[in-house]
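S.K.: just need the structure, nothing else, for what follows:
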Amino acid sequence: VSPCASSLHLLLALPRSLLSLEYICLYLLRNMLGGALVLSEGPPVPPPRALPPPPPFLPPFALNFTEVQDSIEIKAKQADMLQQSDKLSFSIWIHPTNEPMPSISSPNDKKYYLSINVINSYALYCCENRWLRVAFRNEQPGWKWIPTNTQLPLDQWTHIAVTYDSSGTGGLYQNGVLVNDQLKVMGKLEANGKNLAIRIMERAVEDADHAQQTTTHTTTTPTKPNRFTGMIAHLKIWRKVLTAQDIQQEMRLNMAGTGIDGDDVVGWWRFDEGAGPTVYDSTGNVPEGRIAGARWWMPPDSMANVPPSSIAFDFRQMFNKRLASDIIIRVDESSIASSSSSSSSSSISSPSPSSSTSLVPHGAPQASTQDPSSSVTLSSSSASSSSSSSEFLYGHRIVLAARCEAFRAMLMKGMSESTQKEIVIKGVTFSTLSLLIEYLYCDTVEITPQNAVELFIAADMFQVLRLRSMCEHYFYMHVSEENVCTILELADRFQSRFLRQYCISWILAHFGPMMSADSYLALPRDLQQEINMVASRRFFSPSKKRKP
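M.R.: Predicted coordinates:
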């Protein structure tokens, strides 16, 4: 008992403002337990209310305000449709972006706000730096802007709800949480118009009334324009004061694409029309509104984006498939190893490297070679079926002719191959021809060190110029000391001027080690002379004349 009596004696000496049952009990308890008590000069200050994370709201459509004078105007035939004198609530989703306005190329002394004004009776403004204000035409404070000390986050959807009771209470909710219950409003609301207007409003900085209202917010950066740009969705008006639970339920339903229905809903504009100059009230109480300037917005992921072309995939499904094919292509590889005389059928001749020269880049096996006099010959299967390969490809005449000049000449210009259901191609391997035809169907092919040379030669033979250029680029990217001479010889034979010049330049840049390389000494004599002539002019000065 004595400790309690001693503690009570000490409490009597404390200021009278601290004598409360809560403080006395807490002090006695801590004193008895041997603890210490630190008293403040008043009641404890509650911590700031933590806002929940932004809701995952993503409407299918919204209205985007990006310019001065962008607006929506809804003309109510009867003012009492939207007039609520005693109790009301209204809510809206807002997504500020603060993007530059195209029509304003330089800073000026104006500010541009989002204004949501209902028949000049009650309004919501999103002002500079996304601060919110409300206005009511009532007894107190009258038609004035009331700061709410609430700032909208940038680049995300925020649900805002405002409640009003003429008895003197008003509140502002952000994402379902009451963030301001000190609006200090009183009196019945009066109407001074017949329209619901949503617009980007222009206001001069020097406006005295506006300046007085903005003194509490000094975060505006002078170098940045005070312009609201952004999107809105789901404007809704009730004839009652919503509770926090009502507002949170409305938010959840909006995120699911619906909302609270009932007789208390005065007007509900979803802004989900997605196209056209008209917006509609879902309740049917208020006539349609007209859009002026504001544009429809939809999430990027839901837009009708142009998908990538599927033609390569579609044609790959046709490549070497029997479905709808009208030609079979076989290969006679026996003509590669031995020289053959020209047949009576049509042929496409092309020079080829000699068997003594390797044209495969460094690290790759040597490609099959053929005699310079050999040619790629196409004939019917009846003419050379005994020597043709058992492997074959299905083809479509129209595709081959459209993609390849050589096939067009054979299959579409009255030659014997144009009437044959099966043709045999000589002078090229089956694997190389398969890659070439795959390219004709799919416009792509994998070039490797093992197939690059033969594919280049086949592309030149069949006049597939883009495939030939792809092979040239492959050689260009893989030039090395071991293969530069063989690539130069290939480029010289097939008249690839760019690749030929690049190889000569590469040899000159590494002329010291290349002079003694076996591959350089094995080059044709005319190529060696050309390179030596250029090297002599570049690296060796002319001999000085001797004095007599």
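S.K.: and stretch 177-186, what's buried?
M.R.: For stretch 177-186, a neighbour-count test (16 or more other CB atoms under 10 Å) marks 177, 179-180, 183, 185-186 as buried. All C-beta atoms are positioned from the backbone trio N, CA, C, and that covers glycine.
S.K.: now do the strands in the stretch 251-400 of the chain.
M.R.: Along the stretch 251-400 of the chain, counting by DSSP state E, counting those that start in this stretch, strands occupy 265-269, 278-279, 289-292, 295-297, 327-332, 347-349, 375-380, 392-395.
S.K.: redo those as TSV? Include mean pLDDT and mean neighbour count.
M.R.: Output for those, formatted as TSV (pLDDT from 0 to 100; neighbours: other CB atoms under 10 Å):
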stretch	mean pLDDT	mean neighbour count
strand 265-269	91	22
strand 278-279	90	16
strand 289-292	90	17
strand 295-297	89	17
strand 327-332	86	21
strand 347-349	29	16
strand 375-380	36	22
strand 392-395	89	19
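S.K.: so which of these comes closest to residue 452?
M.R.: With distances scored as CB to CB, the stretch of those nearest to residue 452 is strand 375-380 (18.3 Å).
S.K.: tell me the contacts of the closest residue to residue 327 other than its chain neighbours?
M.R.: Once flanking residues are discounted, residue 327 sits nearest to residue 395: 4.6 Å by CB to CB, 6 or more residues apart in numbering. By CB atoms under 8 Å, 6 or more residues apart in numbering, the residues touching residue 395 are 320, 325-329, 437.
S.K.: the nearest residue to residue 451 once chain neighbours are set aside sits in which helix or strand?
M.R.: Distances taken as CB to CB, 6+ apart put residue 435 closest to residue 451, at 6.2 Å, once the chain neighbours are dropped. In the assignment (DSSP states H and E), residue 435 maps to helix 430-442.
S.K.: which residues touch that helix?
M.R.: 312, 315-316, 318-320, 329, 331, 333, 389, 391, 393, 395, 399-400, 403-404, 407, 425, 445, 451, 454-455, 458-459, 462, 464, 467.
S.K.: with stretch 280-299 instead?
M.R.: 58-67, 69-77, 81-82, 196, 231, 265-270, 273-279.
S.K.: start to end distance for that stretch?
M.R.: Stretch 280-299 has its terminal residues 21 Å apart, counting by CA to CA, to the nearest Å.
S.K.: packing partners of the helix or strand encompassing residue 527?
M.R.: Take DSSP H and E as the rule and residue 527 turns out to sit in helix 525-539. Contact analysis of helix 525-539 by 3 or more CB pairs under 8 Å, 6 or more residues apart in numbering; DSSP states H and E lists helix 484-493, helix 497-509 as its packing neighbours.
S.K.: give the other helices and strands that the last one contacts.
M.R.: Put plainly, it is helix 497-509. helix 465-477, helix 484-493, helix 525-539.
S.K.: now the residue nearest to residue 327: how far from residue 231?
M.R.: To residue 231, residue 395 is 54 Å away according to CB to CB, to the nearest Å.
S.K.: likewise for residue 292?
M.R.: Taken as CB to CB, the span from residue 292 to residue 231 is 16 Å.
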